[in-house]
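[1] Requesting a structural model of the entry that follows:
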Amino acid sequence: MKHFARPLLLSCALITAPVAADEFSITPRMYLDIIGYKDTANGQGTGYIQNTNGIFNVHTHVAGGGHSHGGSLHSGLNFRGAELSLSAAYGDWLTGRLNFATDGRSGAVEEAWLKARYAPAGLALKGGKFLSDIGWQNVLHPHGWDFVDQALPYQLLFAGSLAGNGAQASFEPMLPFQLQLGAELLSAGNESVAATVGPVTNYVSTSGKVVDIPFGSKGNWPNVWTLFAKTGIPIYPNHTVFLGAAYIKSDLHQELHTYHPGINDADHGLEGNTQTAGLSAGYRFDAQQDQGQGDITLEGEYFYQRKDLILNFHETKPWNVGQPRVLNVDSYYVQALYGVAPRWQVGLRYDVAGNIQEALRSSAPLKCAPPYQSKLCPRQDSQFDGLSRLSAVVTWSIDDRQKLRLQLSKARVPVAEDINGDNRADAIRKNFTQAFLQYQVVLGAAPKHNHQRFIRN
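    Here you go, the predicted structure:
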């Protein structure tokens with residue numbers, strides 16, 4: 001709770017501040033998300049994707065990653081979550097938001113922030129707990145997704161979403177086109193890029209040994225730095241092209257792996273830093289017809305992630321301590337949405353994770369005593385298979401508060417299973433089909449139609 005206390009108090013201060021009635025407003029909303037689910041993998045399809053074999057399979061302490069209410073589904077009816085949102089505004093220069101989400105078993109504050117705009121300078125400052133503005137979709141909550149599930153780059157490379165306690169500065173200069181530049185300082189905690197284990201004492205290994213693991217420690221803020229740039233360029237009336245770029249760096253990332261026959265030969269610990277770069281592109285045609293009819297939206301994003309880690313603990317091979325483990329992985333998606341009729345939208349998405357997925361380490365550790373010199377030591381590469389998914393969706397916006405969505409997905413996922421009974425996991429591929437029927441409803445003020453899909457204020 002201490003991580004939430006400061007931003008939560010800031011938001012409460014905004015809500016309770018004595019201001020003039022005509023200058024202050026607060027808008028409450030509650031989103032409910034119910035999903036019927038079925039697959040051809042005995043109901044294990046979403047779990048196979050979230051726990052896919054390879055570099056991704058190291059940080060899934062929370063089902064679904066950053067959005068706990070966007071996690072694994074079982075066959076049948078699922079209550080995916082409820083989200084309470086309070087949005088506040090003081091004039092046109094100060095805004096705030098508080099988001100609390102629960103899946104019926106546990107709950108968490110997802111956002112609690114204040115944002116001040118300094119016009120006409122085009123400068124904005126934001127503080128508290130918030131979703132990062134990297135990319136097009138990281139800032140979206142599940143009720144804002146165009147598909148039932150999240151695109152693979154965010155689901156696997158950012159454990160659901162990149163978020164944290166911190167500060168953001170953004171700048172939008174006065175130009176004939178949209179341009180937004182921003183930087184963020186965030187706390188640690190993201191399981192994919194900034195996981196923190198800290199020093200471990202009296203750790204009981206899989207074999208029963210009791211050891212201390214010398215993980216480093218660091219304050220929670222700042223640990224993650226981001227830079228992002230987004231632009232929207234009109235190319236013809238009602239036609240706009242959008243481009244974006246992002247860079248994310250963490251100076252502390254820690255992983256503790258347990259023994260897994262066929263996958264990990266022993267308990268071991270890794271520590272180092274991560275870097276992620278992303279490129280985004282989008283296009284929108286606003287048909288200016290009733291309820292989105294004729295609108296076309298195209299978008300795609302690519303992320304490449306590198307983890308530079310050092311082995312700081314190995315249960316059975318202590319002489320390997322100090323050797324490097326460089327992990328490289330990428331992910332992308334492309335999608336298209338079209339308004340076929342008023343309140344009716346169809347979409348198609350193709351997403352891939354792990355097209356590049358490799359682990360680099362020394363092939364002769366006994367000859368390469370720490371400190372490791374990469375140019376002097378032979379290198380051994382381990383390649384992993386990636387996963388891919390094709391999804392088609394139909395969304396009916398029943399009214400301004402309700403949506404009904406049908407989605408079919410075909411997934412091809414590498415998993416680790418013991419298929420020959422030798423108590424060792426084997427790398428195999430699972431091909432399965434998923435069917436989703438989703439109902440979403442908003443209780444409270446109807447949300448405004450968001451025309452700022454790519455560049456949000």
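
[2] Following the helix-or-strand element of the chain with minimal mean pLDDT in sequence, what is the next regular element?
    Least confident helix or strand, the chain: helix 2-16 with a mean of 45, by mean pLDDT, DSSP states H and E. Downstream of helix 2-16, the next assigned helix or strand under DSSP states H and E is strand 24-39.

[3] Tell me which other helices or strands that next one touches.
    For strand 24-39, the packing partners by 3 or more C-beta pairs under 8 Å, 6 or more residues apart in numbering; DSSP states H and E come out as helix 45-50, strand 76-90, strand 426-444. In short, each C-beta sits where N, CA and C put it, glycine included.

[4] residue nearest the centroid of the protein?
    Ser161 (2.3 Å; C-alpha atoms, centre = their mean).

[5] Report whether the expected contact of that residue with Lys129 is present.
    No: between Ser161 and Lys129 there is no contact, the gap being 12.0 Å when judged by C-beta atoms under 8 Å.

[6] coming back round to it: looking at the helices and strands packed on strand 24-39, which is buried most?
    Mean neighbour count (mean count of other C-beta atoms under 10 Å) peaks for helix 45-50 among the helices and strands packed on strand 24-39, with a mean of 22.

[7] for this structure, what are the low-confidence residue spans?
    1-22, 57-71, 220, 260-263, 362-383, 418, 421-425, 449-451 (pLDDT under 70).

[8] again, 50 this time
    Along the chain, the model assigns pLDDT under 50 to residues 1-21, 59-70, 372, 375.

[9] Confirm the residue nearest to the centre of the chain sits in a helix?
    No: if the criterion is DSSP: H, G, I helix; E, B strand; the rest coil, then Ser161 is coil and not within a helix.

[10] Roughly how far does it sit from Thr258?
    Remark: distance between Ser161 and Thr258 (C-beta to C-beta, to the nearest Å) = 26 Å.

[11] List the residues that contact Ile296.
    Taking C-beta atoms under 8 Å, 6 or more residues apart in numbering, we find Ile296 in contact with Tyr283, Arg284, Phe285, Ala287, Ala336, Leu337, Tyr338, Gly339.

[12] Let's see that with 6 Å instead.
    Taking C-beta atoms under 6 Å, 6 or more residues apart in numbering as the criterion, Ile296 is in contact with Phe285, Tyr338.

[13] so what's it bridging to?
    On the basis of DSSP bridges, Ile296 is bridged to Phe285, Tyr338.

[14] need the contact list for Gly272.
    Gly272 touches Asp308, Leu309, Ile310, counting by C-beta under 6 Å, 6+ apart.

[15] Among these, name the buried ones.
    Buried subset of those (neighbour count, 16 or more other C-beta atoms under 10 Å): Leu309, Ile310.

[16] can you pull up the bridge partners for the nearest residue to Phe24 once chain neighbours are set aside?
    Sequence neighbours aside, Tyr90 is the residue nearest to Phe24 in space, at 5.4 Å (criterion: C-beta to C-beta, 6 or more residues apart in numbering). Note on Tyr90: beta-bridge partners Phe24, Leu94, judged by DSSP bridges.

[17] so Tyr90 touches Gly96, yeah?
    No: counting by C-beta atoms under 6 Å, Tyr90 stays clear of Gly96, with 8.1 Å between them.

[18] now the strands for the stretch 251-400 of the chain?
    Using DSSP state E, counting those that start in this stretch, the strands of the stretch 251-400 of the chain run over residues 268-285, 296-314, 324-341, 344-362, 379-383, 387-397.

[19] Nearest to Gly166, out of those strands?
    strand 268-285 (16.6 Å; C-beta to C-beta).

[20] so how far is the closest one off the chain centroid?
    10 Å (C-alpha atoms, centre = their mean, to the nearest Å).

[21] Same question for stretch 203-219.
    With C-alpha atoms, centre = their mean, you get 28 Å for stretch 203-219.

[22] before we move on, the earlier item: any chance of CSV for the strands of the stretch 251-400 of the chain, columns distance to Glu111?
    Shown next, in CSV, are the strands of the stretch 251-400 of the chain (distance: least, C-beta to C-beta, whole Å):
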stretch, distance to Glu111
strand 268-285, 21
strand 296-314, 22
strand 324-341, 24
strand 344-362, 25
strand 379-383, 38
strand 387-397, 24
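
[23] of all these, which lies closest to Gly189?
    Closest among those, using C-beta to C-beta: strand 268-285, at 13.1 Å.

[24] The closest one: which residues count as buried?
    Buried, per 16+ other C-beta under 10 Å, within strand 268-285: 268-274, 276-278, 280-285.

[25] Give me the three-state assignment for the residue lying closest to Tyr247 once chain neighbours are set aside.
    Nearest residue to Tyr247 in three dimensions, chain neighbours excluded: Leu227, at 4.7 Å (C-beta to C-beta, 6+ apart). Classification of Leu227 using three-state DSSP returns strand.

[26] Tell me what Leu227 is bridged to.
    Ala183, Tyr247.

[27] just checking, it touches Ala245?
    No: checked against C-beta under 6 Å, the pair Leu227 and Ala245 is beyond contact range at 8.3 Å.

[28] and Asn420, which of the three is it?
    Going by three-state DSSP: Asn420 is coil.

[29] What separation do you get for it and Tyr259?
    19 Å.

[30] What of Gly81?
    34 Å.

[31] Relative to Pro153, tell me which of the strands of the stretch 251-400 of the chain wins on proximity.
    Checking those against Pro153 by C-beta to C-beta gives strand 324-341 as the closest, at 4.0 Å.

[32] Counting by contacts, list what that closest one packs against.
    Applying 3 or more C-beta pairs under 6 Å, 6 or more residues apart in numbering; DSSP states H and E, one finds that strand 324-341 makes contact with strand 296-314, strand 344-362.

[33] if we look at stretch 46-59, which residues are touching it?
    Under C-beta under 6 Å, 6+ apart, the answer for stretch 46-59 is 60, 72-73, 156, 159, 191-192, 195, 255, 327, 329, 354, 357, 384, 387, 413-416, 427, 430.

[34] From the residues you listed, list just the buried residues.
    For those, buried by 16+ other C-beta under 10 Å: 60, 72-73, 156, 159, 191-192, 195, 255, 327, 329, 354, 357, 384, 387, 413-416, 430.

[35] re the thing from before, who wins for proximity to Ser250 among the helices and strands packed on strand 24-39?
    Among these, the nearest to Ser250 by C-beta to C-beta is helix 45-50 (21.4 Å).

[36] Looking at Asn420 and Tyr259, which is more packed in?
    Tyr259 (15 against 8; other C-beta atoms under 10 Å).

[37] Report how many residues lie close to the closest residue to Val204 other than its chain neighbours.
    Nearest residue to Val204 in three dimensions, chain neighbours excluded: Val210, at 5.7 Å (C-beta to C-beta, 6+ apart). Neighbour count of Val210, defined by other C-beta under 10 Å: 9.
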